[in-house]
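Trainee: build me a model from this:
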Amino acid sequence: MDIQACYRLLEIPETASDEDLAKSYKRLALKFHPDRNPHRVELATRAMASLNDAYTSLKGHRFRNARQEEPDAAPPEDRRQTAGAARTRPFGPDPREELKDDLLIRQFVRHREAVKDALYRYFQYSLYNLLRRENAVNRGIFKEVTGILRRNYHAVRKLSALTADRDLIDHFAVFSEMVFNFYRASECLNIPDSYANLVDVEAFRIYKKGDDALHLAHRELFYDRHNRGFLKRDISGAMILKAVYHFREALERYSQSTWVVETTIKLEYALSLKRYIELFFTEDAA
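Mentor: You can find the predicted model right below:
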C-alpha cells in the first residue's frame, strides 16, 4: 500500500509518533470491526483489512527507513579499519581482503549479540502479551528493545556493501530479514471483538494454532535455549513447520477474513526464522 495513502487512511500526519499511530489504528479498528457493523459485514471486513494493511505497512516502513540513533554500533576504530580495508588498489585485488572480512565478521557478531540480548528481554518481560505491554514500564522496555533491533538491523545491512563474499552477504541478509520480520510480527495488533462473524471465528482459530506454534519456536530460540544452555533444534524446527502449515491453511481457506494481513506477516516471519535456523544452527551446534 502507498505510504501516503496509509497515513490518510489512519487519519494521522507523517509527523505522528508511533504511539499516536497505534492509538489511531485502535480507534478506527474498533469503529470498523465487522462485529460492530453486523448490517454491513462485507464492507466492514474490507475496511478492517485495509486498516490492518495500512498500520503494518507504516510500521514496517518506519523500521526500514528510520534514521539510526547511532551512526552504527561499531566502535570508531573498527569503522576506520573496515573503511580502510574496503579500499581497493588500482592493480589487482586488495591483499587485505581477508582482514576486511574478519573485521566485518567481528562487527556482525557484536550486532547479532545485541539483537539476541534484546530478544531475550522481549520474552523475559512477556512483551508478546499486548495487554502486559500496555503497562508503562513494559511499554518503555518494548521501545528500547525495538530501538536496539532497528539500529542493529540497519548496521548489518550496511555491512553487506563492504564485502563481495557471497557467504557473508547471505548471512547478513538472512539475519537482517529475520529481525525485520520479527519486528513486524511483534507489531500485529488486530483487535478481536465478540467474533459474531463466523468467517473471522474460523480464521482466528487456525491463525491461533499457527501463532501458538510460532511462539514456542522463537521462545525456544531466543529465550529458553539461553536459560538451558543449548537449543532443542528438533522442537523449534517442528513448531515452525506446524506454524507455516496453519498460517497457509488459514490464508487458503479464509482469504476474506480480517486476519489475512496478520496471518501473512506471521507466515513471512516463520519462514525467515526457518531460514535463520537452517543457516546459523548446524546439527552439531544444536
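Trainee: the bottom helix or strand of this protein by mean pLDDT?
Mentor: When the helices and strands of the chain are scored by mean pLDDT, DSSP states H and E, helix 76-86 comes last with a mean of 47.
Trainee: next SSE after it?
Mentor: Per DSSP states H and E, helix 76-86 leads on to helix 97-124 as the next helix or strand towards the C-terminus.
Trainee: list the buried ones in the helix or strand just after that following helix?
Mentor: The helix or strand immediately downstream of helix 97-124 is helix 130-133, counting by DSSP H and E. Neighbour counts over helix 130-133 (16 or more other C-beta atoms under 10 Å) mark Arg133 as buried. To be clear about C-beta, it is placed using only N, CA and C from the backbone, and glycine gets the same treatment.
Trainee: any stretches of this structure with poor pLDDT?
Mentor: Applying pLDDT under 70 to the chain picks out residues 67-99, 190-197, 283-286.
Trainee: how about the helices in it?
Mentor: Secondary structure of the chain (DSSP state H): helices at 3-9, 18-32, 41-65, 76-86, 97-124, 130-133, 136-160, 166-186, 198-219, 225-228, 233-253, 260-280.
Trainee: what helices and strands are in contact with the longest one?
Mentor: Taking 3 or more C-beta pairs under 8 Å, 6 or more residues apart in numbering; DSSP states H and E as contact, the helices and strands that helix 97-124 lies on are helix 76-86, helix 136-160, helix 166-186.
Trainee: the first one now?
Mentor: When contacts are defined as 3+ C-beta pairs under 8 Å, 6+ apart, helix 3-9 sits against helix 41-65.
Trainee: which residues touch the helix it packs on?
Mentor: For helix 41-65, the surrounding residues in contact (C-beta atoms under 8 Å, 6 or more residues apart in numbering) are 1, 3, 5-7, 9-10, 18, 21-22, 25, 28-29, 32-34, 36-37, 146, 149-150, 153, 180, 183-184, 187-190, 197, 199-200, 256-258, 260-262, 265.
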